[in-house]
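Build the 3D model from these lines:
(one chain, ligands or ions: 3)
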Amino acid sequence: MTGSIAGIERFDSPGKGRGLRVTKPFKTGELLFSTPAHSYVLSLKERGCYCEFCFTRKEGLARCGKCKKAFYCNAKCQKGDWAMHKLECSALTAFGENWCPSEISRLVARILAKKKMQKERCASEKMLLIEEIQSHEEDVDNEKREMNESDIAGLHRFFTKHLELPNHKDLVTLFSQVSCNGFTIEDDELSHMGTAVYPDVALINHSCLPSVIVTYNGTSAEIRAVKNMQPGDEVLISYIDLLYPTDDRNNRLRESYYFSCDCQECKTKSKDKAKLKARKRSDPIEPEVISSMVRYARKTIREFRAFKQIKTPSELLEMCEQSLDEMGAVFDDANVYMLHMMYQAMGVCLYMEDPEGAIRYGEKILKHYCKLYPPYSLNVSSMYLKLGRLYMGMERYSVGVTALKKAMAIMEVAHGKNHSYLTELRKEITKK
Ligand SMILES: [Zn+2]
Ligand SMILES: [Zn+2]
Ligand SMILES: [Zn+2]
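Ligands and ions are numbered 1, 2, ... in the order given. Model (predicted):
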């Protein structure tokens, strides 16, 4: 690890390579450790909502006088960010509308700038251990290789003024490292705010039955126990959305992280049956009908992802409703593929400012989310938050407060009682 953390040690996890384990007991909700990002970047779409330097969310941020595109709490934050923002500030003005590097290129530029600064500052000291992170270059398929190439091209196009770029081979390694070890920073409703690298958190292995959860406080990552841990227990997070059945989870893990999981849930598949629940009918549905509907569902999910970029909201909503009709002939409402499409439909309703539609989907989703996700899940708390805030907006205060309190109960464990999200939430609840 980059430094020693009390109660945590590195070890060789059988079959997994490096990992972290605890050397003392931790209780549910207890903080194992908090760690600053090695490098981070705010998403372009969040500019103006958050401070670029400390990721504080507030109104009335001050903008950079030069490019007028970056926003800060105050002069101190602006000064703190300058070493990173200068990589973009003049280019933003020079390229104007044509300035369009990917988020990963922007992050890699920052990693390179940071490495250079560290080298200059402490040539003899040990460098931050980003070199140690796995890259899995040999496993990268053609599609990903092309993506990496276009990200590298973006780096050459938009960042060469302030950076001496390493050779192509080293850049390929760096991009591969960042794409399997980068963390998406999300807000309380799981909306994407930015991307960061946390070398210590990258040491934590995956399990579908995680022992800890990662949340973000400003630009730092915080790791809290979601079950009581005993000395010797491995620190395990989930790299993926745990809603889906075992085969889907493992496909996702292989595609993005190049391994399969062998946790207890992957071995027993104990939740798969509930996750793939079929409709109750007097004549039981043939297994072939179910498996062909699963194929249809997976295809629809892929198509929907691609269409999101190009179709209008009403076309997207129609697609959701059509697929829900089709699947609803075979699947129960509790089936995760139904829930997936309802979740998408809810997102479209929110985008179209149709709170009633969003509430209708949200209520159906939540009923089953609570059973299918682990007890402390950000997917569940963020859904309670969205729904609670929708109710409050419709002046349905009593159901609103109930939902927000359910979110709070999860977030007190996942985010810690003193997180600013909880302070905000307490205000929302007592306002009415
Ligand atoms: Zn700030
Ligand atoms: Zn600027
Ligand atoms: Zn697993």
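
tell me which parts of the stretch 251-400 of the chain are close to ligand 3?
Taking CB under 5 Å from the ion, the part of the stretch 251-400 of the chain that reaches ligand 3 is made up of 261, 263, 266. The C-beta positions use only the backbone N, C-alpha and C, and glycine is treated the same way.

Isn't the first one up against Cys208?
Read it as Cys261. Yes. Taking CB atoms under 8 Å as the contact criterion, Cys261 and Cys208 are neighbours in contact, 5.8 Å apart.

Next, show the common contact partners of these two.
Shared contacts of Cys261 and Cys208 (CB atoms under 8 Å, 6 or more residues apart in numbering): Arg249.

any low-confidence regions in the stretch 51-200 of the chain?
Low-confidence segments of the stretch 51-200 of the chain, defined by pLDDT under 70, are located at 121-133.

quick one, what contacts Ala358?
346, 349-350, 386, 390.

Same question for Leu385.
For Leu385, the set of contacting residues under the criterion of CB under 8 Å, 6+ apart consists of 188-189, 403-404, 407, 425.

Buried residues of stretch 78-97, list them for me.
When neighbours are counted by 16 or more other CB atoms under 10 Å, the buried residues of stretch 78-97 are found to be 78, 80-81, 84-85, 87-89, 91-92.

Would you format these as JSON lines with distance to ligand 3 and secondary structure included?
Converted to JSON lines, the buried residues of stretch 78-97 look like this (distance: CB to the ion, whole Å; DSSP: H, G, I helix; E, B strand; the rest coil):
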{"residue": "Gln78", "distance to ligand 3": "44", "secondary structure": "helix"}
{"residue": "Gly80", "distance to ligand 3": "40", "secondary structure": "helix"}
{"residue": "Asp81", "distance to ligand 3": "39", "secondary structure": "helix"}
{"residue": "Met84", "distance to ligand 3": "37", "secondary structure": "helix"}
{"residue": "His85", "distance to ligand 3": "40", "secondary structure": "helix"}
{"residue": "Leu87", "distance to ligand 3": "39", "secondary structure": "helix"}
{"residue": "Glu88", "distance to ligand 3": "39", "secondary structure": "helix"}
{"residue": "Cys89", "distance to ligand 3": "44", "secondary structure": "helix"}
{"residue": "Ala91", "distance to ligand 3": "43", "secondary structure": "helix"}
{"residue": "Leu92", "distance to ligand 3": "43", "secondary structure": "helix"}
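
Could I get the full set of strands for the stretch 51-200 of the chain?
Secondary structure of the stretch 51-200 of the chain by DSSP state E, counting those that start in this stretch: the strands cover 62-63, 71-72, 182-186, 192-197.

Give me the subset of the buried residues of stretch 78-97 that also touch ligand 2.
Restricting the buried residues of stretch 78-97 to those touching ligand 2 (CB under 5 Å from the ion) yields Cys89.

biggest separation within the buried residues of stretch 78-97, which pair?
Gly80 and Ala91 (20.1 Å; CB to CB).

residues in contact with Tyr40?
Applying CB under 8 Å, 6+ apart to Tyr40 gives the contacts 55, 107, 110, 185, 194-197, 219.
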